[in-house]
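A.B. asks: predicted model and sequence follow; I will ask about them next.
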Amino acid sequence: MEKLWEQCLRIGLLALDPRVQAKWPTATPWSGGPEGASEKSEPDFVFRLGPNVVIADAKYKVDEGTLDAADGYQLFAYSHLVEYAERRSDFALVLYPGRDGTELRSSVRLNRAPDGSYPLWMVELPFPTKRDIRTGAAWGEYVARLRETLMEEAVSWRTNRTRLSS
């Protein structure tokens, strides 16, 4: 299911940036030690949203829109290490599926400690249901709904990022 979710997100994110990159290579934060002692980690997506460089990580299981410690530290490292065209990212997203039949929650903004200058958005998005995959037309409607949701949410990400920069 995790791979399906990543594929859905890639299709949806193409609406925001047709050059969205999947599985972005990232330098490991640690060096030295035995060969392979420090595994590389990589965000699921890196893309541009207007002038901003964005890191997006797909999480299939998120408990009520909260970030567990391991995922939090993972995104913290990405926020310092990931570059796109020699430019560090401006903010990060955690993209997770909503439950079928429930209203999607608005994105929740977290701020990187200690100064709060780097936002991390927790974003609940529609996950495909059985009815969404029954026909090509139903799948097309799901993709359109996912893209529309992403585009609506992107307005708030951009707005809040602009306010931070001012």
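C.D. replies: Here it is on my side, so go on. Treat the numbers as computed from the prediction; the structure is a model and nothing was measured.
A.B. asks: just the helices in the chain please.
C.D. replies: For the chain, the helices defined by DSSP state H occupy 2-13, 69-81, 136-165.
A.B. asks: just say which of the ones you listed is most tucked in.
C.D. replies: Mean neighbours per residue, mean count of other Cβ atoms under 10 Å, is largest over these for helix 2-13, with a mean of 18. In short, each C-beta sits where N, CA and C put it, glycine included.
A.B. asks: can you list the neighbours in contact with it?
C.D. replies: If you take Cβ atoms under 8 Å, 6 or more residues apart in numbering as the criterion, helix 2-13 is touched by 20, 22, 44-45, 47, 56, 58, 60, 95, 97, 125, 127-128, 143, 146-147, 149-150.
A.B. asks: flag the shaky bits of this structure, pLDDT-wise.
C.D. replies: Judged by pLDDT under 70, the chain has its weakly predicted residues at 22-41, 63-65, 101, 160-166.
A.B. asks: can you give me the distance of the residue nearest in space to the middle of it to V20?
C.D. replies: Closest to where the C-alpha atoms of the chain average out (Cα atoms, centre = their mean) is A56, at 2.4 Å. Distance, A56 to V20, using Cβ to Cβ, to the nearest Å: 8 Å.
A.B. asks: joint contacts of the two?
C.D. replies: The overlap between the contact sets of A56 and V20 (Cβ under 8 Å, 6+ apart) consists of L13, F45, V46, F47.
A.B. asks: need these in CSV with distance to D71, can you?
C.D. replies: As requested, the shared contacts of A56 and V20 are exported to CSV (distance: Cβ to Cβ, whole Å):
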residue, distance to D71
L13, 19
F45, 15
V46, 17
F47, 20
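A.B. asks: check these and tell me the two furthest apart.
C.D. replies: L13 and V46 (10.1 Å; Cβ to Cβ).
A.B. asks: joint contacts of these two?
C.D. replies: V20, A56.
A.B. asks: I'd say P128 and R145 touch.
C.D. replies: No - taking Cβ atoms under 8 Å as the definition, P128 is not a contact partner of R145, at 9.5 Å.
A.B. asks: hmm, back to that, looking at the shared contacts of A56 and V20, which are in strands?
C.D. replies: F45, V46, F47 (DSSP state E).
A.B. asks: highest neighbour count among those residues?
C.D. replies: Neighbour counts for the ones in strands among the shared contacts of A56 and V20 (other Cβ atoms under 10 Å) peak at V46, which has 25 neighbours.
A.B. asks: which strand residues bridge it?
C.D. replies: Legend: beta-bridge partners of V46 under DSSP bridges are Q21, I55.
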